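Asks: quick one, what's the 3D model for this:
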Amino acid sequence: MTNKPRKSVLRLPKKHRGAPELSGAADGEQLIAAQSFRDAVIAGLIVIILFSVLWAMLSTLVNRIFPWMTVVLGLLIGLVLRRAGRGLDWRFPVLAVVLALAGALVGNVVVAAAFTASELDTSTLTILRAVTSMTWPVFFDEVISAADVVYALFGAATAAFYANRRLSRSEYKAVRSLDRH
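Replies: Below is the predicted model of the structure:
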């Protein structure tokens, strides 16, 4: 017979096994140095472009506009900024909000241009190249609604929530040790 206690089937697994890893200021400095604001901006812009094209393709395929897609855009921007930027401070959620709001506007413009292009039997790029300062007031009067604004704000909040990097206990302790010095 063994002296090991029997494990209960209903017992939940432990999340923190053993002693926490030792981490100091050097590990915190590595985490701070791993941040990349430039990579976050580039990745966010790529997401905006790709998402706008896919949103326009989906909307024209089903012949419906989905204003809630800006919340999905916010989620994607937040997750991509977390991955590409590896940010720890306030700059990354602020960047996520700005990119999500800009992406919501760009996405709505591309979707509106796609629907206008199908009505005029031309391409979406032709419509986008024909945009002048005279078309913006018409766009905001006829295309953007209160629902679009609300969804864009929720998308921006979602992006800000997901933008910062998630840290383990030891990583958090290492970053906090920098604040004490």
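Asks: for residue 8, give me the pLDDT.
Replies: At residue 8, the model reports a pLDDT of 71.
Asks: sec struct for it, please.
Replies: Classification of residue 8 by DSSP: H, G, I helix; E, B strand; the rest coil places it in coil.
Asks: what residues does it make contact with?
Replies: By CB atoms under 8 Å, 6 or more residues apart in numbering, the contact list for residue 8 is empty. C-beta here means a position set from N, CA and C on the backbone, and glycine is covered the same way.
Asks: now swap in residue 32 and tell me
Replies: 88, 175, 178.
Asks: save those residues as CSV, and put in secondary structure, neighbour count and pLDDT too.
Replies: Below are the contacts of residue 32 laid out as CSV (DSSP: H, G, I helix; E, B strand; the rest coil; neighbours: other CB atoms under 10 Å; pLDDT from 0 to 100):
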residue, secondary structure, neighbour count, pLDDT
88, coil, 18, 89
175, helix, 20, 82
178, helix, 15, 77
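Asks: quick one, helices of the protein?
Replies: For the chain, the helices defined by DSSP state H cover 25-33, 37-62, 69-85, 91-120, 124-129, 135-142, 146-163, 169-180.
Asks: distance of residue 164 from residue 145?
Replies: 31 Å (CB to CB, to the nearest Å).
Asks: repeat for residue 119
Replies: 19 Å.
Asks: ok, those two, which is more surrounded?
Replies: Using other CB atoms under 10 Å as the criterion, residue 119 and residue 145 rank with residue 145 on top: 12 against 8.
Asks: with adjacent residues omitted, what lies nearest to the more buried one?
Replies: residue 67 (7.5 Å; CB to CB, 6 or more residues apart in numbering).
Asks: need phi/psi at that neighbour.
Replies: phi -70, psi -20 (degrees, to the nearest 10).
Asks: for residue 108, see how far away it is.
Replies: According to CB to CB, residue 67 and residue 108 sit 8 Å apart.
Asks: residue 52 now?
Replies: Taking CB to CB, one finds residue 52 at 9 Å from residue 108.
Asks: try residue 127
Replies: Relative to residue 108, residue 127 is positioned 13 Å away (criterion: CB to CB).
Asks: residue nearest the centroid of the protein?
Replies: Nearest to the geometric centre of the chain sits residue 77, at 1.8 Å (CA atoms, centre = their mean).
Asks: that one contacts residue 99, doesn't it?
Replies: Yes - contact status for residue 77 versus residue 99: in contact at 5.3 Å, counting by CB atoms under 8 Å.
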